[in-house]
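Enquirer: From the sequence below, what's the structure:
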Amino acid sequence: MIARNDYLKDLISFKDKNLIKVVTGIRRCGKSTMFELYQAYLEENGIGGEQIITVNLEHGDYRSIRTSEVLYNYVENKLKKDRKNYVFLDEVQQVENFQEAVDWLYVKKNVDLYITGSNAFLLSGELTTLLSGRYVEIKMLPLSFKEYVSAYPDNTNIGALYMNYLQNSSFPGTLELTRKQDVRTYLEGIYNTILLKDIITRKKISDSSALQSVVEFMFDNIGNMCSSTKIANAMTSAGRKISVPTVENYLSALRDSFILYKVGRYDIKGKQYLATGSKYYVADIGLRYFILGTKPTDMGHILENIVYLELLRRGYEVHIGKIGDSEVDFIAIGAEGVEYYQVAQTVMEEQTLKRELSAIDAIKDHNLKYLLTMDYTPMTSYNGIKQINVLDWLLK
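Expert: Now for the predicted structure:
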């Protein structure tokens, strides 16, 4: 079991706080395992097993719990009246009107409540209104490269591990699989479940083949500027007519299921967010390989995708930067300020190096600036821009 230390620290820091701990993230990213790790921590620190109540609402043992009242009654009957109870509701969106049960349990003084969900519906609409200011969201992603490497302590070939990380996926469950066919079968199961349970059923989508086409287009265009109009036009030109509102509906559903992330642009000089020109990245490159196959020419955009997800893991708010007519790959806004990142597979050719440096060099503030590449060269600085090997950066 991989130690998910950053997420574990978050849960520990919010222990016994009068807040509902909401853990969100794509299916099979490790939310249930995270609960197991945290529950082990609780027991190691004096909490009795009878004080820990877990309900996994996708498990057959709990198939009869499908309404808020049944869920509340089940948990309430297990509560120890004279002690603090730690209640874990896994995939709670499976329960009709689950927000009612969440609210009823939250107001009980002897309950510390933790819930998970695999789509953004969990924190939309009535629950957000009902619990405004009373919850904290912990956003989980599949394994970081550092976490992935920790599963192979005897393997010092970091470059080979990186390629395995891309092709075999960052989903924790793939670590137990040795055959590529088994990995593909596992990823197929995740993908089909997301499309069927989190998107097609909930959004009542009738044309699943059109949705599949949009997925393929978006996976094929990670790191490219995309708009709903551009996507609709490209698909219509390819022989599949689709309207702009339909594309927008599909993109919204893909984002809600955490399989796709949208990144907007920010004008660095004008200091304003831009309404047009967003990019999209996927939650796992292994899923992309499963859908599209391998495309060696895409390695630059794949690297961009990996860096974007890592910035999210490290708690940054991330935007695409615009400076004049040039683009900075990422503006990362964190608790300690702003950082700028340019990402390139290689800058060994002088012209490529100049091109990658020019945009970020045009920024005249004193925030940290980084050029991340796969090149193995000593760490270099160009006018304050630090060039770092991206694998070293991912492992720090």
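Enquirer: residue boundaries of the strands in the stretch 1-150 of the chain?
Expert: 20-24, 52-56, 85-90, 111-117, 135-139 (DSSP state E, counting those that start in this stretch).
Enquirer: chain center to the last one, what's the gap?
Expert: The one in question is strand 135-139. 13 Å (C-alpha atoms, centre = their mean, to the nearest Å).
Enquirer: Name the strands paired with that strand and say parallel or antiparallel.
Expert: strand 20-24 (parallel) (DSSP bridges).
Enquirer: next one: the longest one
Expert: Paired with strand 111-117 in the same sheet, following DSSP bridges, are strand 20-24 (parallel), strand 85-90 (parallel).
Enquirer: quick one: contacts of the shortest one?
Expert: Around strand 20-24, the neighbours that count as contacts under C-beta atoms under 8 Å, 6 or more residues apart in numbering are 7, 11, 14, 31, 34-35, 102, 106, 113-118, 120, 122-123, 131, 134-140, 258. Glycine gets a C-beta too; all of them are placed from N, C-alpha and C.
Enquirer: give me the number of residues near the residue lying closest to Arg27 once chain neighbours are set aside?
Expert: The shortest distance from Arg27 to any non-neighbouring residue, by C-beta to C-beta, 6 or more residues apart in numbering, is to Ser118 (4.6 Å). Residues within reach of Ser118, counting by other C-beta atoms under 10 Å, total 25.
Enquirer: need the contact list for Ser118.
Expert: Residues near Ser118 by C-beta under 8 Å, 6+ apart: 24-27, 31, 91, 93, 194, 197-198, 257-258.
Enquirer: change it to 7 Å
Expert: Going by C-beta atoms under 7 Å, 6 or more residues apart in numbering, Ser118 touches 26-27, 91, 198.
Enquirer: just Asp365 next, same as before
Expert: Counting by C-beta under 7 Å, 6+ apart, Asp365 has no contacts.
Enquirer: follow-up on the earlier one: could you check how far the residue nearest to Arg27 is from Glu91?
Expert: Ser118 is 6 Å from Glu91, where distance means C-beta to C-beta, to the nearest Å.
Enquirer: Show me the common contact partners of the two, please.
Expert: By C-beta under 7 Å, 6+ apart, Ser118 and Glu91 have no common neighbours.
Enquirer: number of nearby residues for Leu8?
Expert: When neighbours are counted by other C-beta under 10 Å, Leu8 comes out with 15.
Enquirer: Number of residues surrounding the closest residue to it other than its chain neighbours?
Expert: In space, and not counting its chain neighbours, Leu8 is closest to Leu37: 5.7 Å by C-beta to C-beta, 6+ apart. Close neighbours of Leu37, defined as other C-beta under 10 Å, add up to 17.
Enquirer: Tell me how far Leu37 lies from Glu44.
Expert: 11 Å.
Enquirer: again with Tyr281
Expert: 37 Å.
Enquirer: Just want the most central residue of the protein.
Expert: Leu141 (3.9 Å; C-alpha atoms, centre = their mean).
Enquirer: ok, that residue - contacts?
Expert: Leu141 neighbours (C-beta under 7 Å, 6+ apart): 25, 29, 283, 309, 312-313.
Enquirer: Now do the same for it: its pLDDT.
Expert: At Leu141, the model reports a pLDDT of 98.
Enquirer: for Thr54, same thing?
Expert: Looking at Thr54, the pLDDT reads 98.
Enquirer: same deal with the one 4 residues further on?
Expert: In this prediction, Glu58 carries a pLDDT score of 91.
Enquirer: for it, what are its contacts?
Expert: Glu58 sits next to 91, 94 when contact means C-beta under 7 Å, 6+ apart.
Enquirer: Just the CA atoms of stretch 266-275, as CSV, please.
Expert: C-alpha atoms of stretch 266-275 as CSV (Å, rounded to 0.1, in the frame of the first residue of the first chain):
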residue,chain,number,x,y,z
TYR,A,266,-4.3,34.9,-17.6
ASP,A,267,-2.9,38.0,-19.1
ILE,A,268,0.3,38.7,-17.1
LYS,A,269,0.7,42.3,-18.3
GLY,A,270,-2.9,43.2,-18.2
LYS,A,271,-3.4,41.3,-14.9
GLN,A,272,-6.7,39.9,-15.9
TYR,A,273,-8.3,36.5,-16.6
LEU,A,274,-9.2,35.9,-20.3
ALA,A,275,-12.5,34.5,-21.3
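Enquirer: Going by neighbour count, list what's buried in that stretch.
Expert: If you call a residue buried by 16 or more other C-beta atoms under 10 Å, then stretch 266-275 has these buried ones: 266, 268.
Enquirer: would you list every one of the strands in the stretch 251-396 of the chain?
Expert: Under DSSP E, counting those that start in this stretch, the stretch 251-396 of the chain gives strands at 260-267, 272-282, 317-323, 326-334, 337-344, 368-373, 380-382, 385-389.
Enquirer: Phe217 is nearest to which of those?
Expert: strand 272-282 (9.9 Å; C-beta to C-beta).
Enquirer: which helices and strands sit right next to that closest one?
Expert: strand 260-267, helix 299-313 (3 or more C-beta pairs under 7 Å, 6 or more residues apart in numbering; DSSP states H and E).
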